[in-house]
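In: A predicted structure for the sequence below; I have some questions about it.
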Amino acid sequence: MNPLIRFIPAFLVRFFASPYVAGDSLEKAMGVVKKLKADRGLLSTLDLLAEDIRNEVQAQQNLDTYLSMVDAVAQSGLPLEAWPTLSLKPSSYTTSPLQLGGDAAGSREAMMKIAARAAEKGVALSIDMESRHWTDFTLETLRLMHAQGMTHVGAVLQTRLHRTEKDLDALPKGLRVRLVIGIYREPSDVALTDKPAMKERLLAFAETLLKRGHYVEFATHDDTYVRRFLEQVVPRCGVGTDRYEVQMLYGVPRDRFLADLRRQGIKARLYVPFALSWDMAIQYLRRRLDEYPAMVWLVTKNMFSRR
């Protein structure tokens, strides 16, 4: 990690993180989910900030928390169509991460347990996509789940990776796919480094997915590309609002734009992260700052440009 980021005081990291993290407990996160739906008509995806696992106790805690998340969604009192989905990061359940040369021991088994519980309760999941080291493992886990009838599990694909175009061809039929440009810094031989090019791929891959019968979760904060998706891609594909939605991150100031989408009858969903403690949330944000130092400027800018 960049030494400068390592030595940013914890209180300052928390200051930057707090608008983007829905608290330090599952109870607080569920409160945010319910408020987003009641006040703004927004759907949610819940994510536990629990990467960089150091021991088996932490890995088991993450598994247990996700099982509790499934139960909390099913018992939320929200109407079924407003239930949040859950986002699973494969690295949250292993002390042997692939990016460090490990074998991801225990990760797939843990996700299978969560997926089985979610199937019983009727809760939808997505397997999040991490760095390039996890791509094959993640897609293979997804295929195994669908082969076992776990069609409630969706995928996340990053348009910056050159391999993604071919990965589209191997997806299970009718899959729910969250399209993102991706935040992980990757070398130029495996990924684009130009953001506009990544966003152009968002549009191209979204069109491919819609034409093939998939459900598209179009995830970007760039209003221009959301509009192009809705005004150009969707009409060309001839699909209704039951085949796609727009997604953004909790805390990013897009209130007016999201409200306008809702008025048009377009589903909008926020990705809502939470932690089991602020220490864990701070660790998460330090890693994100290391991967993407410009985040400090973006957070500061957002604080003064809420719209």
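Out: That came through fine. This is a predicted model, so every value here is computed, not measured.
In: low-confidence ranges in the chain?
Out: Residue ranges of the chain with pLDDT under 70: 1-7, 17, 287-307.
In: ok, which stretches of it are strands?
Out: 43-48, 85-88, 125-127, 153-158, 176-180, 215-219, 244-249, 268-274 (DSSP state E).
In: can you redo those strands as JSON lines with distance to Gln75?
Out: In this view, the C-beta of every residue, glycine as well, is placed from N, C-alpha and C. Shown next, in JSON lines, are these (distance: least, CB to CB, whole Å):
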{"stretch": "strand 43-48", "distance to Gln75": "14"}
{"stretch": "strand 85-88", "distance to Gln75": "14"}
{"stretch": "strand 125-127", "distance to Gln75": "17"}
{"stretch": "strand 153-158", "distance to Gln75": "21"}
{"stretch": "strand 176-180", "distance to Gln75": "23"}
{"stretch": "strand 215-219", "distance to Gln75": "25"}
{"stretch": "strand 244-249", "distance to Gln75": "24"}
{"stretch": "strand 268-274", "distance to Gln75": "17"}
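In: can you put those in TSV and add distance to Glu165 and mean neighbour count?
Out: Formatted as TSV, the strands of the chain follow (distance: least, CB to CB, whole Å; neighbours: other CB atoms under 10 Å):
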stretch	distance to Glu165	mean neighbour count
strand 43-48	25	24
strand 85-88	23	23
strand 125-127	19	24
strand 153-158	10	24
strand 176-180	12	22
strand 215-219	15	23
strand 244-249	19	20
strand 268-274	24	23
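In: contacting residues for Ser76?
Out: Met30, Val33, Lys34, Trp83 (CB atoms under 8 Å, 6 or more residues apart in numbering).
In: can you tell me the closest non-neighbouring residue to Thr95?
Out: Ile53 (5.4 Å; CB to CB, 6 or more residues apart in numbering).
In: ok, the one you found touching Ser92?
Out: Yes. Counting by CB atoms under 8 Å, Ile53 touches Ser92, with 6.5 Å between them.
In: looking at these two, which one has more neighbours?
Out: Neighbours per residue (other CB atoms under 10 Å) separate Ile53 from Ser92, with Ser92 holding more: 26 against 21.
In: surely that one meets Asp52?
Out: No. Under the criterion of CB under 8 Å, Ser92 is not in contact with Asp52, lying 9.2 Å apart.
In: what residues are shared contacts of the two?
Out: Joint contacts of Ser92 and Asp52 (CB under 8 Å, 6+ apart) do not exist.
In: in the stretch 151-300 of the chain, which spans are helices?
Out: Applying DSSP state H, counting those that start in this stretch to the stretch 151-300 of the chain gives helices spanning 164-169, 195-211, 223-228, 234-237, 255-263, 278-291, 295-303.
In: next, the buried residues of the helix ranked longest in the chain.
Out: Ordering each helix of the chain by length in residues (DSSP state H) puts helix 56-74 first. The neighbour-count check on helix 56-74 (16 or more other CB atoms under 10 Å) flags 58-59, 61-63, 65-67, 69-74 as buried.
In: how much space separates His162 from Ala191?
Out: Here His162 is placed at a distance of 6 Å from Ala191 (CB to CB, to the nearest Å).
In: what about those two, which has more around it?
Out: The neighbour comparison of His162 against Ala191 (other CB under 10 Å) goes to Ala191, with 20 against 15.
In: I'd assumed Thr159 was in contact with that one.
Out: No. Using CB under 8 Å, Ala191 is not in contact with Thr159, being 9.4 Å away.
In: anything in contact with each of the two?
Out: Contacts common to Ala191 and Thr159, judged by CB under 8 Å, 6+ apart, are Gly182.
In: and the nearest residue to Lys267 once chain neighbours are set aside, what does it touch?
Out: Setting aside the residues directly before and after it, Lys267 is nearest to Glu245 in space (CB to CB, 6+ apart), at 3.8 Å. By CB under 8 Å, 6+ apart, Glu245 lies in contact with Leu43, Val216, Glu217, Phe218, Ile266, Lys267, Ala268, Arg269.
In: just give me the closest of these to Leu210.
Out: Lowest distance from Leu210 to those (CB to CB) belongs to Val216, with 5.6 Å.
In: quick one: that closest one from Cys237, how far?
Out: Counting by CB to CB - Val216 and Cys237 are separated by 9 Å.
In: joint contacts of the two?
Out: By CB under 8 Å, 6+ apart, Val216 and Cys237 have these common neighbours: Leu210, Arg243.
In: hmm, back to that, looking at the contacts of Glu245, which is nearest Arg256?
Out: Ala268 (12.0 Å).
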